[in-house]
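>>> Here is my input; please provide its structure:
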Amino acid sequence: MVCEAAFSYRRKDFDLNFTKIRQANGECANYLEGIGTSKWSRTYFPGDRYNLLTINTAEQLNNALTKSRSSPIIELFMFIQRMLTRWFSARRTKSAKCRGFVTPEVEKVMQKHIRLTKGSKIANINTLSYQDRGLFGHPNTVSLENKVCTCQVFQKLKIPCGHALLAADSIGLPFVQLFGDCYKTQTWIETYAGVIYPDAPIGDFSIPETITSVTMLPPQTRHPSGRSKDKCVASTGEIPAPKKKKLVPNKCGRCGGTGHNRTNCVLPI
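This next block holds a predicted model:
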C-alpha cells in the first residue's frame, strides 16, 4: 500500500491508498506524515520527479572508486580519468546506434502506455484538446498544446500518456513533439559528446599566473596511526541486518555427521 501511495499520479488515488495505510497501521501513517508527503510521494512532490529513478549518483561513483580510494592523489585522478573515458566512450557508442527519437527505455514506457489505452475512443473538444474514453467508460481530457492530461501521467513524467498518444495519432502529430527534451535521443548523444583527454605534458597548456604564483604547502595535519579506512561509515538505514543463525545445523553428505559438510569432512570412511 505504501508503494501504491508513493507512486500514485492523482491526489484522489493517493488519499485513497493513504487511508488504507492508516486503517492498517496508524503508527506507520503518522511516521510517513512526519517525514512529509512531498519527500516521498509522486503526487505532492513539487518538482519534476519523472519516472526513471536510480540510486544516489554520488553513491554510485563512490562505489566505483573503492579500489583506488587509498591511492595517492595523482593516481586517484588518473584512475578517475580512465574510468570516465571508458564510460563516456561506451555511452557514445550506444547512443549512436539508437535509431528511435527517444532512448530505448523511454520507448518501452511509450509502448506500455499505448497498450494500456488500446481500444479507447477519442472525441475532439477544441484545437489540440481531446477527451479519451476508455473501455470501462472512464473519461480523461488531454491538451496536446499544454502537454497535460487529467490522468496526471503526461505532466508528471514528461512522457505522453496513452490518451495523449491516441489524440496525437488521430491528427498525425509526431510523437516526438510530446516528449520532454531530456528523453530524446539527440539529448542523449549531446550529453556524452564531450571528450575526457588523458593527462598531457605540462608544457601543452598555458597555466595562468594566478596558479603558478601560489605556494602549495602540505596540510598541517597529523596522519593517525594505523591503516586508513577504505570504507565509508554506514549511515542510518545502510547498516545491514545481522545474519540469522540456521535453525537446522549442516549435515555432512559423506559421513552423516552434523556441524560440517563433505568439503571439510576429516572423518575416515
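>>> what's downstream of the helix or strand of the chain with the lowest mean pLDDT, the next helix or strand?
When the helices and strands of the chain are scored by mean pLDDT, DSSP states H and E, helix 57-64 comes last with a mean of 79. Next along the chain after helix 57-64, taking DSSP states H and E as the criterion, comes helix 73-97.
>>> tell me the angle of that next one relative to helix 57-64?
With axes from the mean of the first three to the mean of the last three Cα atoms, to 10 degrees as the basis, helix 73-97 and helix 57-64 are set at 120 degrees to each other.
>>> Need the contact partners of helix 73-97.
Helix 73-97 is contacted from outside by 64-65, 67-69, 71, 185, 188-189, 191-196, 198-199, using Cβ atoms under 8 Å, 6 or more residues apart in numbering. No exception for glycine: its C-beta is placed from N, CA and C like everyone else's.
>>> okay, now the domains of the chain?
Split into domains by automatic domain parsing, the chain comes to 2-40, 118-177.
>>> Now do the contacts for residue 234.
Contact analysis of residue 234 by Cβ under 8 Å, 6+ apart lists residue 240.
>>> confidence score at it?
With respect to pLDDT, residue 234 scores 71.
>>> ok, now how distant is it from residue 213?
Residue 234 sits 43 Å away from residue 213, taking Cβ to Cβ, to the nearest Å as the criterion.
>>> again, but for residue 43
Residue 43 is 55 Å from residue 213, by Cβ to Cβ.
>>> Please apply the same query to residue 7.
Distance from residue 7 to residue 213, by Cβ to Cβ: 56 Å.
>>> Out of the two, name the residue with the larger neighbour count.
Higher neighbour count among residue 7 and residue 213: residue 7, with 15 against 7, using other Cβ atoms under 10 Å.
>>> Let me know whether that one touches residue 42 as I believe.
Yes - at 5.5 Å, residue 7 and residue 42 qualify as touching, with contact defined as Cβ atoms under 8 Å.
>>> what sits against the spatially closest residue to residue 40 that is not a sequence neighbour?
Spatial nearest neighbour of residue 40, chain neighbours left out: residue 6 (5.6 Å); criterion: Cβ to Cβ, 6 or more residues apart in numbering. By Cβ under 8 Å, 6+ apart, the contact set of residue 6 is 40-42.
>>> ok, so of those, who is nearest residue 15?
residue 41 (10.6 Å; Cβ to Cβ).
>>> Any idea how many residues pack against that closest one?
Neighbour count for residue 41, taken as other Cβ under 10 Å: 21.
>>> For it, list the residues it contacts.
By Cβ under 8 Å, 6+ apart, the contact list for residue 41 reads 5-6, 8, 14.
>>> if you set the cut-off to 10 Å instead, what comes out?
Contacts for residue 41 (Cβ atoms under 10 Å, 6 or more residues apart in numbering) come out as 2, 5-8, 11, 14, 17-18, 32, 35, 49.
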